[in-house]
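Asker: sequence and predicted structure below; questions after.
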There are 2 protein chains.
Amino acid sequence: MSSATAFAPATVANVGSAFDVLGFALEHPGDCVHASVSASSGVRILGIEGDGGRLPRDPLKNTAGVSVRALLDHLVAGDASLASLGLDLTIRKGLPIGSGLGSSSASAVAAVVAANAALGEPLARSELLPFAMEGERVACGTAHADNVAPALLGGFVLIRSYEPLDVVMLPAPPQALVVVATPHIELNTHDARRVLRRSVPLSAAVAQWGNVAALVAGIFQGDVALMGRALEDKIIEPERSQLIPGFSAVKSAALDAGALGCSISGSGPSIFALCRSRQSAERVGESMQLAFSQVPLSATVHVSPVNPLGATIVARG
Amino acid sequence: MSSATAFAPATVANVGSAFDVLGFALEHPGDCVHASVSASSGVRILGIEGDGGRLPRDPLKNTAGVSVRALLDHLVAGDASLASLGLDLTIRKGLPIGSGLGSSSASAVAAVVAANAALGEPLARSELLPFAMEGERVACGTAHADNVAPALLGGFVLIRSYEPLDVVMLPAPPQALVVVATPHIELNTHDARRVLRRSVPLSAAVAQWGNVAALVAGIFQGDVALMGRALEDKIIEPERSQLIPGFSAVKSAALDAGALGCSISGSGPSIFALCRSRQSAERVGESMQLAFSQVPLSATVHVSPVNPLGATIVARG
């Protein structure tokens, strides 16, 4: 029986103006999943570390379990002899839950990548996306791909459409450094979605897609200043930021300290900023942490380039 | 006294999903303007060919005259000794008026490029944009840049914002061939703008900016199929296409003949399609022309790559 351990990184979705269509991967933090092929059929979760006991151990309710179950069902449909196989999963959470860093996606992706490796890589990396999306459906209610896809594939990933699923991989500009500040509170994605208006003025929508276009151009050109300006979001951020205590002070602190752009990561409460050097990013991170401390909220800060690779196999056995 | 003649090409603005933010240049057709420095101050229009006598000869009402007047005022403000100089313009229209191919922009751009050359190139190419935009203001009521900028600079050009003006040059993917079919009717941009709703559902806006993002990615990757899919516009096209007789038959004909995407050029009535080869583009052009003929409307078809250079100086004297 074979086994593998995979790491899948944190991801930033709803990238400023690019609400619901774009996400990118960080190099760290992230989740690890160990998958081991077993002779008794089905998916089992042997243990979860780092979640404070909060995640479901039932594989039908756990994002990693559901993803691997969907993968296994697909493989069995193509080769009935696999029906007797099972997969045992052990999950090590490095990502805080409900933080806006794609915690559930990282577990789902690490799980399918580890399971696929343990099974001898029957599928190519990009073919794993629909199964990881099933895990996201359990966690969030909808099979969104804007965290799952960059966690799996790395770089910036654009979801052009869901029906049919049309995923476009963009580069990971090496010029960009990302600062993410995560305050120690938790937001529920459902609440964050509920605050959004159902319709927007055409003029605001046009300004937004001008920014989205510029963001993609900046990503291809490695122009971090353009990326930063293009994060400007007059539609989603003004509404969602009300759920994040201290948002405007933290954003101002980031920009004043030299960040080229700043917005909400996912549906929050994490806030990310773009910088052009590690030195600048570290100064920005300290300023964001200080601004959160005045709310007062403690916050964890990570500085990372955009991760060009996505999930990685860290051990095979 | 020095003189120069410049050619500025047709442009396609409101590129499918990218309403109001993106435009690109064709290689032909276009307008030519001859500018000649004269010893008597002021801007004069000596003649206009190809407009059937419809364009104003008064330089304060003519897009080319206004653009060159704005350029000259700017130069005089920096060097009062130029105040005694004048510029005489002769305009040769190659573009039909009110066709959705950026006719007024081509005249404005050709005029400022010719005038700048006749004056010994005091300004760099990109510095001419604000003056050509003034010409657009006379023609359309607002200083839009989405035709002027690609006519001046070539390739695809993105207008991220107007305040401040933020213009992003994108590549001209050599893989793309553009078919433009222009029916022999005329639409007024004001009418075309009046049919638009003032607000859009958030879900439609999100789908639109996903497509805009994909369009920009396709432009950078030279992926014409992606560009074609990403033209999909569920907001503007359904409304504006009602003003173009035969639109849906012509679009269907283009797609059935192998076009990878098709939408309205500018505010119409021209319709453009994207193809991957000249052979395919010519077949698509014939099909579009045939579909227009069944309306019945006669139509002119042009096949052109995206023009990477924009306006060119065709003679100096």
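Answerer: That came through, no problem.
Asker: could you check how far residue A:279 is from residue A:177?
Answerer: Residue A:279 sits 9 Å away from residue A:177, going by CB to CB, to the nearest Å. (C-beta placed from N, C-alpha, C; glycine too.)
Asker: the two: which is more packed in?
Answerer: Set side by side, residue A:279 and residue A:177 show more neighbours around residue A:177, with 24 against 11, by other CB atoms under 10 Å in any protein chain shown.
Asker: now do the nearest residue to that one once chain neighbours are set aside against chain B, distance only.
Answerer: Leaving out its chain neighbours, the residue that sits closest to residue A:177 by CB to CB, 6 or more residues apart in numbering or on different chains is residue A:281, at 4.2 Å. Distance of residue A:281 to chain B, given as CB to the nearest CB, to the nearest Å: 24 Å.
Asker: residues of the stretch 201-317 of chain A that sit close to chain B?
Answerer: A:201-202, A:205-217, A:220, A:226, A:229-230, A:235 (CB under 8 Å from any CB of the partner chain).
Asker: okay, now the nearest residue to residue A:95 once chain neighbours are set aside: neighbour count?
Answerer: Once flanking residues are discounted, residue A:95 sits nearest to residue A:103: 4.1 Å by CB to CB, 6+ apart. Neighbour count of residue A:103, defined by other CB under 10 Å: 26.
Asker: hmm, back to that, narrow the residues of the stretch 201-317 of chain A next to chain B to those in helices?
Answerer: A:202, A:205-217, A:220, A:226, A:229-230 (DSSP state H).
Asker: can you verify my assumption that residue A:239 contacts residue A:193?
Answerer: No. Residue A:239 lies out of contact with residue A:193 (CB atoms under 8 Å); the separation is 10.3 Å.
Asker: surely residue A:255 meets residue A:262?
Answerer: Yes. When contacts are counted by CB under 8 Å, residue A:255 is listed as touching residue A:262 (5.9 Å).
Asker: and residue A:108, how far from chain B?
Answerer: The value you get for residue A:108 to chain B, if CB to the nearest CB is used, is 22 Å.
Asker: so what's that residue up against?
Answerer: Residues near residue A:108 by CB atoms under 8 Å, 6 or more residues apart in numbering or on different chains: A:8, A:63-64, A:66-67, A:131-136, A:139, A:148.
Asker: tell me which of the residues you listed fall in helices.
Answerer: A:63, A:64, A:66, A:67, A:131, A:132, A:133, A:134, A:135, A:136, A:139, A:148.
Asker: so how many other residues sit close to the last one?
Answerer: Residue A:148 sits with 35 neighbouring residues when counted by other CB under 10 Å.
Asker: what's the answer for the first one, then?
Answerer: Each residue near residue A:63 was counted by other CB under 10 Å, and the total is 29.
Asker: can you give me the strands for chain A?
Answerer: In chain A, the strands defined using DSSP state E lie at A:3-15, A:18-38, A:42-49, A:86-92, A:156-162, A:165-170, A:177-183, A:199-201, A:261-264, A:271-275, A:299-305, A:312-316.
Asker: how far does the second one sit from its chain's centre?
Answerer: The gap between the average C-alpha position of strand A:18-38 and the chain average comes to 6 Å, counting by CA atoms, centre = their mean, to the nearest Å.
Asker: that one and chain B, any residue contact?
Answerer: Yes. Judged by CB under 8 Å from any CB, strand A:18-38 and chain B are in contact via A:18, A:19, A:20, A:21, A:22.
Asker: again with the fifth one
Answerer: Yes. Counting by CB under 8 Å from any CB, chain B has neighbours in strand A:156-162: A:158, A:159, A:160, A:161.
Asker: coming back round to it: by neighbour count, which of the residues of strand A:18-38 next to chain B wins?
Answerer: Neighbour-wise, the residues of strand A:18-38 next to chain B (other CB under 10 Å) top out at residue A:18, 32 neighbours.
Asker: and that one, what pLDDT?
Answerer: Here, the pLDDT recorded for residue A:18 equals 97.
Asker: partner residues bridging it?
Answerer: Residue A:18 forms beta bridges with residue A:15, as assigned by DSSP bridges.
Asker: that one touches residue B:216, doesn't it?
Answerer: No. With contact defined as CB under 8 Å, residue A:18 does not reach residue B:216; the gap is 11.2 Å.
Asker: in a markdown table, list the contacts of residue A:108 along with distance to chain B and pLDDT.
Answerer: Shown next, in a markdown table, are the contacts of residue A:108 (distance: CB to the nearest CB, whole Å; pLDDT from 0 to 100):
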| residue | distance to chain B | pLDDT |
| --- | --- | --- |
| A:8 | 24 | 98 |
| A:63 | 24 | 97 |
| A:64 | 28 | 97 |
| A:66 | 26 | 97 |
| A:67 | 24 | 98 |
| A:131 | 22 | 97 |
| A:132 | 20 | 97 |
| A:133 | 16 | 96 |
| A:134 | 21 | 95 |
| A:135 | 22 | 93 |
| A:136 | 17 | 91 |
| A:139 | 21 | 85 |
| A:148 | 16 | 97 |
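Asker: adding distance to residue A:166, write the residues you listed out as JSON lines.
Answerer: Below are those laid out as JSON lines (distance: CB to CB, whole Å):
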{"residue": "A:8", "distance to residue A:166": "22"}
{"residue": "A:63", "distance to residue A:166": "23"}
{"residue": "A:64", "distance to residue A:166": "26"}
{"residue": "A:66", "distance to residue A:166": "24"}
{"residue": "A:67", "distance to residue A:166": "21"}
{"residue": "A:131", "distance to residue A:166": "18"}
{"residue": "A:132", "distance to residue A:166": "17"}
{"residue": "A:133", "distance to residue A:166": "13"}
{"residue": "A:134", "distance to residue A:166": "18"}
{"residue": "A:135", "distance to residue A:166": "20"}
{"residue": "A:136", "distance to residue A:166": "17"}
{"residue": "A:139", "distance to residue A:166": "23"}
{"residue": "A:148", "distance to residue A:166": "15"}
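Asker: buried subset of those residues as a PyMOL selection?
Answerer: Listed next is the PyMOL selection for buried residues among the contacts of residue A:108, using 16 or more other CB atoms under 10 Å in any protein chain shown:
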select buried, chain A and resi 8+63+64+66+67+131+132+133+134+135+136+139+148
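Asker: and of the contacts of residue A:108, the nearest to residue A:290?
Answerer: residue A:8 (30.7 Å; CB to CB).
Asker: distance check, the closest one against residue A:144.
Answerer: In terms of CB to CB, residue A:8 sits 16 Å off from residue A:144.
Asker: quick check: closest non-adjacent residue to residue A:49.
Answerer: residue A:92 (4.7 Å).
Asker: now do the contacts for that neighbour.
Answerer: Contacts of residue A:92 (CB under 8 Å, 6+ apart): A:31, A:32, A:33, A:34, A:48, A:49, A:50.
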